[in-house]
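S.K.: I would like the atomic coordinates for the input below:
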Amino acid sequence: MRLIDISHELLSAPLYPGDPPAETRQTLSRARGDDCNCTQITTSVHKGTHTDAPCHFTDSPVSIADMPLEHYIGECLVVSYPGQTVGDAWLRELDTQGCSILLVKGFAFFSENAGPILREKGIITLGTDALSVGPVGGEKPPHQSILGEGIAIIETLKLEGVEPGRYFLSAAPVKIAGSDGAPVRAVLIAP
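M.R.: So this is what the prediction gives:
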């Protein structure tokens, strides 16, 4: 068994345009005489490798704490896409090899038709190494399409160097009631 960490380190991860940087502050310090070290963190739930809940771009009441863990833990397929925007025809023709979790490498974006196509193929989670499933200024249509179908989205994966193929994914989100997203520690388990 080989573990492949496909998460960015939170503080140094790429920053989505307009988002504030993540910051930490040491609230207790053994060096200052406290009994323990304790760190406070301030960040967007969409910083670094993270997952989006349906309530991020839709009127769904489903927050990240409501999402079934099956969306983040299970057999997955990593595929490479060479273009800028994933074409609907390419998605329709894609052999998912029986996997319900699809990770797409290549920093590609998705169309507003992606959600129903993915749902028809039995996909419950879509992951990407791009900062978003949609381009800056065009995030809304693909998010609404995908999340509207109840499909989880994992963004800002670190997939360079990962060979396309089947893996087992562990990427459970931090359980935050009412939140539209959460950081994940995404790991691929290679056979």
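S.K.: next one: phi and psi at the residue most central in space within the chain?
M.R.: Against the mean C-alpha coordinate of the chain, by Cα atoms, centre = their mean, the closest residue is Ile154 at 1.3 Å. Main-chain dihedrals, Ile154, degrees, to the nearest 10: phi -120, psi 120.
S.K.: now do Arg92
M.R.: According to degrees, to the nearest 10, Arg92 has phi -60, psi -40.
S.K.: got the contact list for it?
M.R.: By Cβ atoms under 8 Å, 6 or more residues apart in numbering, the contact set of Arg92 is Ile117. Backbone N, C-alpha and C define where each C-beta goes, glycine included.
S.K.: mind checking how far it is from Pro61?
M.R.: Using Cβ to Cβ, to the nearest Å, Arg92 is found at 31 Å from Pro61.
S.K.: Test my guess that the residue nearest to the centre of the chain contacts Gly48.
M.R.: No - in this structure Ile154 lies outside contact range of Gly48 using Cβ atoms under 8 Å: 11.2 Å.
S.K.: Doesn't Ile41 lie inside a strand?
M.R.: Yes - under DSSP: H, G, I helix; E, B strand; the rest coil, Ile41 falls within a strand.
S.K.: tally of neighbours for the residue lying closest to Cys55 once chain neighbours are set aside?
M.R.: Spatial nearest neighbour of Cys55, chain neighbours left out: Asp180 (4.9 Å); criterion: Cβ to Cβ, 6 or more residues apart in numbering. Counted by other Cβ atoms under 10 Å, the residues lying close to Asp180 total 20.
S.K.: Find the residue ranges of this protein scoring beneath the pLDDT cut-off.
M.R.: Counting by pLDDT under 70, the chain shows no low-confidence range.
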